[in-house]
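**Q** 3D model of this:
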Amino acid sequence: MATVYGTNTSGKWGMLDQFAALIWVRENMAAFGGDPNHITVMGQSDGSAATYHILSGELTRGFISGVRDPYDPLCSSLAEGYRNLSTALETGIDYVSSLNATAIADVQELPMSDLITKFRDSTFSFGAVLDGYAMPAK
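**A** Presented below is the predicted three-dimensional model:
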């Protein structure tokens with residue numbers, strides 16, 4: 001991913017989008033009468049896990065002054081389901097190969113319906129990855 005996009009990202013676009021949205025809120029909330037030093041985040045289910053990553057991530061450190069996180073029994077067991085980066089990369093390489101593609105650029109040219117069909121008809125599964133950038137491994 002670093003060679004494709006020039007960053008340390010591992011492709012955690014969903015979390016990176018949330019971080020970017022939070023940065024936008026912090027930079028612009030005063031224009032709407034808000035206080036950029038008092039940002040509260042909340043989430044439920046997968047959003048609860050995302051809230052955890054917003055709170056613990058280096059990319060948003062110091063942004064949050066409050067959290068409303070409803071009790072989610074799944075959240076306490078999420079760490080058991082995390083993959084390390086090398087396992088996730090191996091899964092990604094296998095998935096790309098199953099599409100008869102050799103590079104991410106090839107996959108980006110495929111119709112979404114092909115990607116969904118191949119995924120649905122396979123044993124591949126994707127989930128949270130502690131990549132050391134968007135989601136620190138510590």
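
**Q** And the residue lying farthest from the centre of the chain, what's its pLDDT?
**A** For the chain, the C-alpha farthest from the mean C-alpha position belongs to residue 33; by CA atoms, centre = their mean, that distance is 29.4 Å. Residue-level confidence at residue 33 comes out at 96, pLDDT.

**Q** Also residue 80?
**A** The predicted local distance difference test score for residue 80 is 55.

**Q** Pretty sure residue 96 is one of the things residue 104 touches, is it not?
**A** Yes. Applying CB atoms under 8 Å, one finds residue 104 in contact with residue 96, separated by 7.2 Å. Where you see a C-beta, it was placed from the backbone N, CA and C, and this is true even at glycine.

**Q** Quickly find the element holding the residue nearest the centre of the chain.
**A** Most central residue of the chain, judged by C-alpha distance to the mean C-alpha position with CA atoms, centre = their mean, is residue 15 at 3.1 Å. Element membership for residue 15 (DSSP states H and E) is helix 13-28.

**Q** Now do the buried residues in that helix.
**A** Across helix 13-28, burial judged by 16 or more other CB atoms under 10 Å covers 15, 16, 18, 19, 22, 26.

**Q** counting contacts, what elements does the following helix or strand past it pack onto?
**A** Remark: after helix 13-28, the chain's next helix or strand is strand 40-42, criterion DSSP H and E. Helices and strands touching strand 40-42, by 3 or more CB pairs under 8 Å, 6 or more residues apart in numbering; DSSP states H and E, are helix 46-56, strand 66-68.

**Q** Which among the ones you listed is found nearest to residue 108?
**A** Taking CB to CB as the measure, the helices and strands packed on strand 40-42 were each checked against residue 108, and helix 46-56 came out nearest at 24.5 Å.

**Q** Please save the CA atoms from the closest one in PDB.
**A** The C-alpha coordinates for helix 46-56 follow below in PDB (Å, rounded to 0.1, in the frame of the first residue of the first chain):
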ATOM      1  CA  ASP A  46     -18.800  -2.200  15.200                       C
ATOM      2  CA  GLY A  47     -19.000   1.500  16.000                       C
ATOM      3  CA  SER A  48     -18.100   0.700  19.500                       C
ATOM      4  CA  ALA A  49     -14.900  -0.900  18.300                       C
ATOM      5  CA  ALA A  50     -14.200   2.100  16.000                       C
ATOM      6  CA  THR A  51     -14.700   4.400  19.000                       C
ATOM      7  CA  TYR A  52     -12.000   2.400  20.800                       C
ATOM      8  CA  HIS A  53      -9.600   2.900  17.900                       C
ATOM      9  CA  ILE A  54     -10.400   6.600  17.700                       C
ATOM     10  CA  LEU A  55      -9.500   6.900  21.400                       C
ATOM     11  CA  SER A  56      -6.300   4.800  21.200                       C
END
